[in-house]
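J.: Sequence first, predicted coordinates after that:
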Amino acid sequence: MAKSKLVKANEKIAEGVVGGYKKIEEGVVGGYKKIEEGAVGSFNKVADKFVDNFLTKEGESVEDAKKRLAAEQKEREDSRRVGMKS
């Protein structure tokens with residue numbers, strides 16, 4: 001059975017609308033990702049600089065200092081949990 005002209009026109013309009021929406025969505029998501037990457041990258045640079053200037057020990061790298069600080073934080077959290085259970 002042949003489709004009517006109205007059905008074909010509706011399908012063509014729907015394809016156009018969906019295609020336009022997808023292009024807008026990709027543009028918005030792409031822009032958001034660029035902004036997010038820039039913000040996160042900048043934050044990490046500032047955090048690394050802070051750790052380097054104030055929290056590293058003699059001869060310790062920034063990565064080693066971050067690992068040490070994370071381990072110390074976990075140890076503090078674990079000791080608080082143990083203290084709460086007593």
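T.: Noted; the coordinates are in hand.
J.: And what about E58, helix, strand or coil?
T.: Secondary structure, DSSP: H, G, I helix; E, B strand; the rest coil: E58 is coil.
J.: what separates A65 from G59, distance-wise?
T.: Distance, A65 to G59, using Cβ to Cβ, to the nearest Å: 11 Å. The way it works is simple: take the backbone N, C-alpha and C, and place the C-beta from them, glycine included.
J.: what about these two, which has more around it?
T.: Neighbour totals were compared for A65 and G59, and A65 leads with 17 against 6 (other Cβ atoms under 10 Å).
J.: contacts for the lowest-mean-pLDDT helix or strand in the chain?
T.: Sorting the helices and strands of the chain by mean pLDDT, DSSP states H and E puts helix 62-85 at the bottom, at a mean of 91. With contacts defined as Cβ atoms under 8 Å, 6 or more residues apart in numbering, helix 62-85 is touched by 48, 51-52, 55-57, 60.
J.: again, only using 10 Å
T.: Outside helix 62-85, the residues that touch it by Cβ atoms under 10 Å, 6 or more residues apart in numbering are 47-57, 60-61.
J.: what about K66, how many neighbours?
T.: Neighbours around K66, by other Cβ under 10 Å: 16.
J.: Against which helices or strands is the lengthiest helix in the chain packed?
T.: Looking across the chain with DSSP state H, the single longest helix is helix 5-50. Under the contact definition 3 or more Cβ pairs under 10 Å, 6 or more residues apart in numbering; DSSP states H and E, helix 5-50 sits against helix 62-85.
J.: and the helix it packs on, how far from the chain's centre?
T.: Centroid separation for helix 62-85 versus its chain: 24 Å, with Cα atoms, centre = their mean, to the nearest Å.
J.: That helix: which residues count as buried?
T.: Buried residues in helix 62-85, defined by neighbour count with 16 or more other Cβ atoms under 10 Å: 62, 65-66.
J.: Can you tell me how far the spatially most central residue of the chain is from S42?
T.: The central residue of the chain, meaning the one whose C-alpha is nearest the mean C-alpha position (Cα atoms, centre = their mean), is E36 at 6.6 Å. Using Cβ to Cβ, E36 is found at 11 Å from S42.
J.: and if you look at E58?
T.: 28 Å.
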